[in-house]
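how would this look folded up:
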Amino acid sequence: QVQLAESGTGLGQAGGSLRLSCATSGRAFRTYAMGWFRQAPGKEREFVVAISWDGITTYYGDSVKGRVTISRDNAKNTVYLQMNNLKPEDAAIYYCAAGAAAQLMSEKGVTYVDYWGKGTLVTVSS
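Reported below is the predicted structural model:
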């Protein structure tokens, strides 16, 4: 069982940056690929970014490519999301996710997520 808890700055300005963290419990953290999804009001939950269990491979959603960085610290059981050049359309609830494979999360989406965090709200002011 893996429990995920998101935290971080939830308010950003257009053109600015913010960083989210996801702390996990359970000894199995380093065996899971980790990712971030987001869901805006009235929209489906969409893939943002994922990182392999060893931190070597990353996958990015088209809407955030070039503006987002994901990283993980297996010693701290934590994964990070750095978002730059924020846009109003980045406003959403952001969910931390754990799954078997980062590539599957990126290609197949929510179906290949084993565990979810409760989500954290990100707003972007213009």
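
where along the chain do the helices fall?
Ranges of helices within the chain are 102-108, based on DSSP state H.

show me where the chain has strands.
3-8, 11-13, 18-25, 33-39, 46-51, 58-60, 68-73, 78-83, 92-99, 115-116, 120-125 (DSSP state E).

the shortest one pairs with which strands?
The one in question is strand 115-116. strand 92-99 (antiparallel) (DSSP bridges).

ok, the fourth one next?
Sheet partners assigned to strand 33-39 using DSSP bridges are listed as strand 46-51 (antiparallel), strand 92-99 (antiparallel).

go through these and name the closest to Tyr59.
Among the strands paired with strand 33-39, strand 46-51 comes nearest to Tyr59, with 4.8 Å by C-beta to C-beta. C-beta coordinates here come from the backbone N, C-alpha and C atoms, glycine included.

and the angle for the closest one with strand 78-83?
Here strand 46-51 runs at an angle of 120 degrees relative to strand 78-83 (axes from the mean of the first three to the mean of the last three C-alpha atoms, to 10 degrees).

tell me where the model's unsure across the protein.
Judged against pLDDT under 70, the chain has no low-scoring part.

and the residue nearest the centre of it?
The centroid of the chain falls nearest to Trp36 when counting by C-alpha atoms, centre = their mean (1.9 Å).

for the closest residue to it other than its chain neighbours, list the residues it contacts.
Nearest in space to Trp36, with sequence neighbours left out and distances taken as C-beta to C-beta, 6 or more residues apart in numbering, is Val48 at 4.3 Å. Going by C-beta atoms under 8 Å, 6 or more residues apart in numbering, Val48 touches Gly35, Trp36, Phe37, Arg38, Tyr60, Gly61, Ser63, Val64, Val68, Leu81, Tyr94.

quick check, nearest of those residues to Ser21?
Using C-beta to C-beta, Leu81 is the member of the contacts of Val48 that lies nearest Ser21, at 7.8 Å.

Arg38 versus Asp114, what's the distance?
Distance, Asp114 to Arg38, using C-beta to C-beta, to the nearest Å: 18 Å.
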